[in-house]
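Participant: got a predicted structure plus its sequence, pasted below:
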Amino acid sequence: LYDQQRQNILEFNEELLSSKGRIRVVCRIRPQPEATHKTILVNDDYKVLLFDPHRSLQSPEKNKKKSYIEYTFMKVFEEDSKQVDLFNDLNFFLNSFFQCSNVSIFTYGPTGSGKTFTMFGEIKNQKQKGIIPRCLEQLCQKIEEYEANGIFNEVNVSIVELYNDKIKDLIQNANIQERKEPSLSKLPQGLEFKQKLQFLLQQIISATKNRIVRKTNCNQHSSRSHLVFTIKLKLFDKIQNKINEGQLHLVDLAGSERIQLSQTTGEGQKETIFINQSLQALSAVLKSIKNNVIHIPYRNSLLTQYLRNSLNSNSKTMVILNISSHPTYYSQTKEALNLLCLKQQQYITRSQHQTPSSFEKSERNKELTQTNQQQTNT
Ligand code: ADP
Ligand code: MG
């Protein structure tokens, strides 16, 4: 059964990496060196196991069975994964964009799970820089290539924040007039990109400082807004005498935790309702695209309306689910996993008093490792 499941996933991944692939969902687990015990184990490249810390605290007796939920993704990045590993995984999507496809890449997850770290990271640190600075570097190289080949190009970069149904241009630090139906044609003009990478990176650092943060019980500076970083590319095709256009949206979503947890009131509650609505709308849109539904429900949120030109059956979407293995995050982590995984399955371990860490060394895991090795060898 296990081999069959694995085979299905491999086929699914293959389909994704072919031109048919439109939505890719991967999971990244942030390091939590300070956690005394962890709720998450990674079974293999595609599976995350989630253990309920409350059950183990409430029922430490040896004879209580321990259960866990297994979640399947297209790829799982473990705690020791590097920024460059994540970036390499989206190579295919980035190359599509360089050929003028519309692409959106999201980081999704509770506050503190590593979304901003994954998207931005430490912008000027060679190892710790995230997806956005890496994409810009690749873009610089690509522009040189276009120019060497006589392809006339125009590139624009904009950064906006979506907050409580308002759009703010973070580069200008000014609200864009509220519109009922925002679309890409109404995006801020943005900065023209002429290979001044250092200047641009500095602008990004300043722009992100204009983002709204609010204190909640979950985190000191939880991000309460969605940040959309957009690169617009225009290439002039001399032979066919036409202009090709593509957009790449890199979206650092607001924290996915629910209102009961953050216990916000007043303005904070309004924010949380806005966030919940927009995340639900996004997941509904992604499901519709995946299931080839003709009517895609964009109108349910500003986020989906803003991104609609790049969220459809002709565009490519990648979602990075960021989670943490710290026990305090358990319920938010479970909620996020339930929403975005490809498949979930409940298990009860054979041995009655295994802990996640002892389970890691269990026979079943050894078997899996052997199967993996056999498959790699063949
Ligand atoms: P979020 O944007 O989801 O609220 P952050 O990206 O701000 O979360 O991450 C919270 C903290 O954890 C930050 O201090 C960040 O530097 C750290 N962090 C997150 N992911 C990683 C990682 N993979 N490696 C090292 N530090 C990380
Ligand atoms: Mg953040």
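Facilitator: Structure's in. What do you need? Residues are numbered from 1 along each chain as shown. Ligands and ions are numbered 1, 2, ... in the order given.
Participant: C-alpha from now on. contacts and neighbour counts both.
Facilitator: OK.
Participant: so which residues of the stretch 101-250 of the chain form helices?
Facilitator: 115-119, 131-148, 197-208 (DSSP state H, counting those that start in this stretch).
Participant: for ligand 1, what are the nearby residues on the protein?
Facilitator: Taking CA under 6 Å from any ligand atom as the contact definition, the chain meets ligand 1 at 30-31, 110-117, 222.
Participant: may I see the buried residues of stretch 45-53?
Facilitator: 46-53 (16 or more other CA atoms under 10 Å).
Participant: low pLDDT regions in the stretch 151-300 of the chain?
Facilitator: 177-195, 212-222, 259-264 (pLDDT under 70).
Participant: show me what contacts Thr230?
Facilitator: By CA atoms under 8 Å, 6 or more residues apart in numbering, the contact list for Thr230 reads 157-159, 247-250.
Participant: closest to Leu227 among the residues you listed?
Facilitator: Ile159 (7.1 Å; CA to CA).
Participant: distance check, the closest one against Leu307.
Facilitator: According to CA to CA, to the nearest Å, Ile159 and Leu307 sit 13 Å apart.
Participant: about what we covered before: pick the most buried one from the helices of the stretch 101-250 of the chain.
Facilitator: helix 115-119 (a mean of 25; mean count of other CA atoms under 10 Å).
Participant: just checking, what packs against that one?
Facilitator: Judged by 3 or more CA pairs under 8 Å, 6 or more residues apart in numbering; DSSP states H and E, the packing partners of helix 115-119 are strand 103-108, helix 131-148, strand 242-252.
Participant: what sits up against that helix?
Facilitator: Helix 115-119 has contacts (CA under 8 Å, 6+ apart) with 83, 86, 107-109, 130-132, 250-253, 322.
Participant: run the chain-centre distance for it.
Facilitator: The chain centroid and the centroid of helix 115-119 are separated by 8 Å under CA atoms, centre = their mean, to the nearest Å.
Participant: cool, stretch 32-43 as well?
Facilitator: With CA atoms, centre = their mean as the basis, stretch 32-43 stands 21 Å off its chain's centre.
Participant: same check, this time on stretch 234-250
Facilitator: For stretch 234-250, the distance to the chain centre is 26 Å (CA atoms, centre = their mean).
Participant: and it, what's buried?
Facilitator: Going by 16+ other CA under 10 Å, stretch 234-250 has these buried residues: 234-236, 245-250.
Participant: dump the residues of the chain next to ligand 1 into TSV; add distance to Asp165 as well.
Facilitator: Shown next, in TSV, are the residues of the chain next to ligand 1 (distance: CA to CA, whole Å):
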residue	distance to Asp165
Arg30	30
Pro31	33
Pro110	20
Thr111	20
Gly112	23
Ser113	24
Gly114	24
Lys115	21
Thr116	21
Phe117	25
Ser222	18
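Participant: which one of those is nearest Thr208?
Facilitator: Of all the residues of the chain next to ligand 1, Thr208 sits closest to Thr116, with 10.4 Å by CA to CA.
Participant: for that closest one, give its distance to Asn338.
Facilitator: Going from Thr116 to Asn338 by CA to CA gives 22 Å.
Participant: how about Ser158?
Facilitator: 32 Å.
Participant: just to revisit the earlier point, include distance to Ala207 when you put the contacts of Thr230 into CSV, please.
Facilitator: As requested, the contacts of Thr230 are exported to CSV (distance: CA to CA, whole Å):
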residue, distance to Ala207
Val157, 12
Ser158, 10
Ile159, 7
Gln247, 20
Leu248, 18
His249, 16
Leu250, 15
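Participant: now the two most distant members of these.
Facilitator: Ile159 and Gln247, at 12.9 Å, using CA to CA across the contacts of Thr230.
Participant: which strand residues bridge Ser104?
Facilitator: For Ser104, the beta-bridge partners under DSSP bridges are His249, Thr317.
Participant: and Glu245, by the same measure?
Facilitator: Glu245 has these beta-bridge partners by DSSP bridges: Lys234.
Participant: what sits against it?
Facilitator: Shown in contact with Glu245 (CA under 8 Å, 6+ apart): 100-101, 232-235.
Participant: and the residue of the stretch 251-378 of the chain nearest ligand 1?
Facilitator: Gly255 (6.3 Å; CA to the nearest ligand atom).
Participant: isn't that residue up against Arg224?
Facilitator: Yes: assessed by CA atoms under 8 Å, Gly255 is found in contact with Arg224 at 6.7 Å.
Participant: between those two, which contacts overlap?
Facilitator: Shared contacts of Gly255 and Arg224 (CA under 8 Å, 6+ apart): Ile275.
Participant: quick revisit: between the contacts of Thr230, which sits nearest ligand 1?
Facilitator: Looking at the contacts of Thr230 and their distance to ligand 1, the nearest is Leu250, at 13.6 Å (CA to the nearest ligand atom).
Participant: residues contacting the closest one?
Facilitator: Neighbouring residues of Leu250 by CA under 8 Å, 6+ apart: 104-106, 119, 132, 228-230.
Participant: Ile323 too?
Facilitator: So Ile323 contacts 27-30, 109-110, 113-114, 333 (CA under 8 Å, 6+ apart).
Participant: quick check: angle from the helix or strand it falls within to strand 103-108?
Facilitator: Using DSSP states H and E, Ile323 falls within strand 316-324. Interaxial angle of strand 316-324 relative to strand 103-108 (axes from the mean of the first three to the mean of the last three CA atoms, to 10 degrees): 10 degrees.
Participant: need the next SSE after strand 316-324, C-terminal direction.
Facilitator: According to DSSP H and E, the helix or strand after strand 316-324 is helix 330-340.
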